[in-house]
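**Student:** Turn this into a model:
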Amino acid sequence: MPCGLSLIGLQIAIWLTLLIVEFGSLVKRLTIRGRVSIFKTVIDADANAFNAKLRENTRKKFGWENKVVYGFIGRYVPQKNPLFLIDIFNEIAKKQENAILVMIGFGELENEMHDKIQNYGIINRVIDLGRRDDIKQFYNAFDAFLLPSLYEGMPVVGIEAQCAGLPIFFSKNITEETTASELAHYIGLEESSDIWADKIVEVINDYMPKRRSYVVEVKKNGFDSSNEALRMQDFYFAKINRVNRYGGKR
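**Tutor:** You can find the predicted model right below:
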């Protein structure tokens, strides 16, 4: 089983994915009928814009100037599938001599993750920075973000990463509503770690020289907090006006 899941864990992941898909379908039908208004999970797009100087300074501070930096930010728990993340990077490391993996987080699988890293013989290629609050610099310093989760709601890190011009590789178990730009890529968990690595390396080799900010795309696709706040304000004012005009009647 490519992602190292137990049979029960895989069944739960599939069930949750089907439930999310069915719920999303219902919401779309009601939206078309005018019965539901959707307000997205949002970020401050301008604050998360790509910053070339911050990228340069961060990579210099950590000694990553000549590295291809793959990143993960999140909890080290089964939901995030971090053991499969390490399988993926092990294959990437075989294909890119200057590739490193930087992990930021904490959780119950930490010891298992470090055991797997040691067994693969890639201790000098993986950096675990633990729990940190200064995340913005890493979105800029990374060259790719890996998130092969078993399931997610709407992962905010995915939107923030795209805003900073960072390609992100999700599992197909994550809703495609997380797509804020062309930088969102989805790969099935049924695929082997080697196939994941091939697809990731191909994209990164092509994209790295083109790094730029994706604030415009993130705003256009409705993920900016300022724009969405104004839309929500208009929504409530319209409802208040309807109540004042018709006494709450449709």
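
**Student:** where in the protein is pLDDT low?
**Tutor:** Across the chain, the ranges flagged by pLDDT under 70 are 1-40, 225-239, 247-250.

**Student:** So for it, the centremost residue is which one?
**Tutor:** The centroid of the chain falls nearest to residue 158 when counting by C-alpha atoms, centre = their mean (2.9 Å).

**Student:** Contacts only, for it.
**Tutor:** Neighbouring residues of residue 158 by C-beta atoms under 8 Å, 6 or more residues apart in numbering: 145, 147, 168, 170, 174, 178, 180, 184. From N, CA and C alone the C-beta is placed, and that goes for glycine too.

**Student:** Phi and psi next, for residue 186.
**Tutor:** Backbone torsions for residue 186, taken as degrees, to the nearest 10, come to phi -130, psi 130.

**Student:** Identify the bridge partners of it.
**Tutor:** When bridges are called by DSSP bridges, residue 186 pairs up with residue 170.

**Student:** which residues does it contact?
**Tutor:** By C-beta under 8 Å, 6+ apart, the residues touching residue 186 are 169, 170, 171, 172, 174, 176.

**Student:** Same list, those residues, but as a markdown table with neighbour count please.
**Tutor:** As requested, these are arranged in a markdown table below (neighbours: other C-beta atoms under 10 Å):
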| residue | neighbour count |
| --- | --- |
| 169 | 21 |
| 170 | 22 |
| 171 | 24 |
| 172 | 14 |
| 174 | 24 |
| 176 | 10 |
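
**Student:** I'd like these as JSON lines, with distance to residue 126 appended.
**Tutor:** What follows is the contacts of residue 186, written out as JSON lines (distance: C-beta to C-beta, whole Å):
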{"residue": "169", "distance to residue 126": "17"}
{"residue": "170", "distance to residue 126": "21"}
{"residue": "171", "distance to residue 126": "20"}
{"residue": "172", "distance to residue 126": "25"}
{"residue": "174", "distance to residue 126": "23"}
{"residue": "176", "distance to residue 126": "29"}
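
**Student:** buried sites along stretch 116-133?
**Tutor:** 116, 117, 120, 122, 125, 126, 127, 128 (16 or more other C-beta atoms under 10 Å).

**Student:** and the contacts of residue 158, which are buried?
**Tutor:** Neighbour counting over those (16+ other C-beta under 10 Å) leaves 145, 147, 168, 170, 174, 178, 180, 184 as the buried ones.

**Student:** What are the boundaries of the strands in this structure?
**Tutor:** 68-73, 99-104, 126-130, 144-147, 168-171, 184-187 (DSSP state E).

**Student:** possible to save those strands as a markdown table with distance to residue 57?
**Tutor:** What follows is the strands of the chain, written out as a markdown table (distance: least, C-beta to C-beta, whole Å):
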| stretch | distance to residue 57 |
| --- | --- |
| strand 68-73 | 14 |
| strand 99-104 | 16 |
| strand 126-130 | 16 |
| strand 144-147 | 19 |
| strand 168-171 | 22 |
| strand 184-187 | 27 |
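
**Student:** circling back: if I look at the residue nearest to the centre of the chain, how far off is residue 96?
**Tutor:** According to C-beta to C-beta, to the nearest Å, residue 158 and residue 96 sit 23 Å apart.

**Student:** Residue 155 - how many residues pack around it?
**Tutor:** Using other C-beta atoms under 10 Å, residue 155 is surrounded by 20 other residues.

**Student:** Am I right that it is in contact with residue 177?
**Tutor:** No - taking contacts as C-beta atoms under 8 Å, residue 155 lies outside contact range of residue 177: 10.6 Å.

**Student:** what do those two both touch?
**Tutor:** By C-beta under 8 Å, 6+ apart, no residue touches both residue 155 and residue 177.
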